[in-house]
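[1] Fold the following.
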Amino acid sequence: MKNNHIIVIVISVIAILLSGYSLYLNLTAKRFGYVDTAVLMQEFSGAIDARKKLESETKEWDENIKTLETELGELNQKLIEESPKTSKTKIATMQEDIKKKQYELYKYRNAVEEKASMKEQELFAPVYDNLNALIKEFGEEHGYYLIFGTIAGGNILHASPESDLTQDLLEFIKQKTGQPLE
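    As a prediction, the model looks like this:
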């Protein structure tokens, strides 16, 4: 009889310890989630403003490229139309003009691409810094151990819908910044 009481006490202590350990694991469980960065960048007002500014600054450059392309097309058309009735020397000169215009367009397009890339980095660096700080704050306030960022074709192949923090993060950002989301 005494052994039965000891067995019951030992089993009860083990059950209490296991319950306590299970509760501890649940309370200290590391939480993970992910954010769809494409949606975040599409709806975060700082990113929208940076994108609009970049588009307005590159608009003139794009128009200049179109002008150069039009001029090149006109030179080619002129060569095609005039070559049957023009001397070889004149054709050679026209071809040289076309090559110069192609090179001018090539150089300008490359310079524009480089300048646009640098401008994009300049405009978006503060946006990324701001978002990273907000994501860190969100993670700390909501007890997340790790928050992944995902893009189309990215490194998260499957996740439950509950682990998608995108909308929760956007609401958090809206509350923290007071900025409307798109």
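
[2] what about the longest helix in this protein?
    The residue-count maximum for a helix in the chain (DSSP state H) belongs to helix 88-141.

[3] Just the buried positions in the following helix or strand past that helix, please.
    Using DSSP states H and E, the helix or strand that follows helix 88-141 towards the C-terminus is strand 144-150. Judged by neighbour count using 16 or more other C-beta atoms under 10 Å, the buried positions of strand 144-150 are Tyr144, Ile147, Gly149, Thr150. C-beta coordinates here come from the backbone N, C-alpha and C atoms, glycine included.

[4] Run the angle between strand 144-150 and helix 88-141 for me.
    Relative orientation of strand 144-150 and helix 88-141, computed by axes from the mean of the first three to the mean of the last three C-alpha atoms, to 10 degrees: 160 degrees.

[5] Restrict the following helix or strand past strand 144-150 to CA atoms and write it as PDB.
    Heading C-terminal from strand 144-150, the first helix or strand you meet, by DSSP H and E, is helix 166-177. Taking C-alpha atoms only, helix 166-177 is exported to PDB below (Å, rounded to 0.1, in the frame of the first residue of the first chain):
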ATOM      1  CA  THR A 166       2.500  41.100 -44.400                       C
ATOM      2  CA  GLN A 167      -0.900  42.600 -43.600                       C
ATOM      3  CA  ASP A 168      -0.200  42.700 -39.800                       C
ATOM      4  CA  LEU A 169       3.100  44.500 -40.500                       C
ATOM      5  CA  LEU A 170       1.400  47.000 -42.800                       C
ATOM      6  CA  GLU A 171      -1.200  47.800 -40.100                       C
ATOM      7  CA  PHE A 172       1.600  48.200 -37.600                       C
ATOM      8  CA  ILE A 173       3.400  50.600 -39.900                       C
ATOM      9  CA  LYS A 174       0.200  52.500 -40.500                       C
ATOM     10  CA  GLN A 175      -0.300  52.800 -36.700                       C
ATOM     11  CA  LYS A 176       3.300  53.800 -36.000                       C
ATOM     12  CA  THR A 177       3.800  56.300 -38.800                       C
END
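
[6] which residue sits closest to Gly149, ignoring its sequence neighbours?
    Closest residue in space to Gly149, ignoring its immediate chain neighbours: Thr37 at 4.5 Å, by C-beta to C-beta, 6 or more residues apart in numbering.

[7] Can you report how many residues neighbour that neighbour?
    Neighbours of Thr37 under the rule other C-beta atoms under 10 Å: 18.

[8] From Leu169, how far off is it?
    Using C-beta to C-beta, to the nearest Å, Thr37 is found at 10 Å from Leu169.

[9] Can you give the distance from stretch 60-73 to the centre of its chain?
    Mean-position distance between stretch 60-73 and its chain equals 29 Å (C-alpha atoms, centre = their mean, to the nearest Å).
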